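Visitor: mind looking at a prediction? Sequence and model below.
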Amino acid sequence: MDEELTDPELVSAFKNGDAEALGALMARHQAALYGYLLRLTRSSAAADDIFQEVFLKLVRNPAAYGEREKFKAWLFTVARNAAMDHFRRESSRGEVPLEGTGEKAGPADFAVSPEPGPAECAENKALGETIAAALELLSPDQREVFYLRHYSGLSFREIAELLSLPIGTVLARMSRAAAQLRKILEEAGQ
């Protein structure tokens with residue numbers, strides 16, 4: 001599959017029976033979409049399920065994507081809606097998503113390699129935990145805009161369209177999120 005094809009061209013190829021085009025779309029958007037879903041749901045099982053559900057929607061109804069809109073924005077809209085459906089189903093069952101796996105790094109994780117050493121890994125892990133904790137202190141609206149911008153690479157205009165909000169509201173949420181994160185990290189000495 002030619003990597004130079006645009007998303008609409010890949011969708012069109014898929015509609016015309018090219019199964020490889022779907023694989024190329026999935027590969028192109030997997031990291032950003034899965035990362036967004038994982039941060040949103042805090043569950044790898046839920047993120048896996050929703051990721052598959054999003055692409056199944058395209059498989060079952062390729063016409064659902066109107067080629068007038070950007071595919072990435074459409075994809076994240078479908079993902080967000082599927083995640084909200086997931087949350088509604090879970091809340092009606094009274095289930096709460098589990099936090100993390102609790103896995104600890106073992107000695108084999110620090111074997112000699114060109115990668116950062118144990119001290120640097122611990123420092124990076126501590127910074128990552130501080131940032132994760134700081135993100136949890138944001139309002140859900142601010143956190144969602146932050147995730148969509150920084151982890152999914154959507155433009156502010158695409159985020160505004162996805163969330164059905166004026167762009168000014170999206171920019172304000174991002175500005176407040178950045179200011180709050182900066183303050184929290186400064187207080188933590190990071």
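Guide: Now that the structure is in, tell me what you want to look at. Numbers count the residues shown, from 1 in each chain.

Visitor: mind checking the SS state of Gly189?
Guide: At Gly189 the chain is in coil, as set by DSSP: H, G, I helix; E, B strand; the rest coil.

Visitor: gap between it and Ser91?
Guide: 37 Å (C-beta to C-beta, to the nearest Å). Placement of C-beta: from N, CA and C, glycine included.

Visitor: quick one, which of those two is more surrounded?
Guide: More crowded of Gly189 and Ser91, by other C-beta atoms under 10 Å: Ser91, with 10 against 6.

Visitor: mind checking how far that one is from Met84?
Guide: For Ser91, the distance to Met84 - C-beta to C-beta - is 11 Å.

Visitor: name the element the spatially most central residue of the chain belongs to?
Guide: With distances taken as C-alpha atoms, centre = their mean, the residue of the chain nearest its centroid is Tyr36 (1.0 Å). Taking DSSP states H and E as the definition, Tyr36 sits inside helix 19-41.

Visitor: which secondary structure elements does that helix contact?
Guide: If you count contacts as 3 or more C-beta pairs under 8 Å, 6 or more residues apart in numbering; DSSP states H and E, helix 19-41 packs onto helix 7-15, helix 44-60, helix 71-93, helix 140-150.

Visitor: picking up where we left off before, local confidence estimate at the residue nearest to the centre of the chain?
Guide: Note on Tyr36: pLDDT of 88.

Visitor: pretty sure it sits against Arg149.
Guide: No: the criterion here is C-beta atoms under 8 Å, and Tyr36 misses it with Arg149 at 10.6 Å.

Visitor: tell me which element Met174 falls in.
Guide: Counting by DSSP H and E, the element that carries Met174 is helix 167-187.

Visitor: run through the neighbouring helices and strands of that helix.
Guide: Counting contacts by 3+ C-beta pairs under 8 Å, 6+ apart, helix 167-187 packs against helix 118-136, helix 140-150, helix 156-163.

Visitor: distance to Val54, mean pLDDT and mean neighbour count added to the ones you listed, as JSON lines?
Guide: Putting the helices and strands packed on helix 167-187 into JSON lines (distance: least, C-beta to C-beta, whole Å; pLDDT from 0 to 100; neighbours: other C-beta atoms under 10 Å) gives the following:
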{"stretch": "helix 118-136", "distance to Val54": "23", "mean pLDDT": "66", "mean neighbour count": "12"}
{"stretch": "helix 140-150", "distance to Val54": "15", "mean pLDDT": "87", "mean neighbour count": "19"}
{"stretch": "helix 156-163", "distance to Val54": "13", "mean pLDDT": "87", "mean neighbour count": "19"}
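
Visitor: and of these, who's closest to Leu22?
Guide: When those are compared by C-beta to C-beta, helix 156-163 sits nearest Leu22, at 21.8 Å.

Visitor: that'll do, ta.
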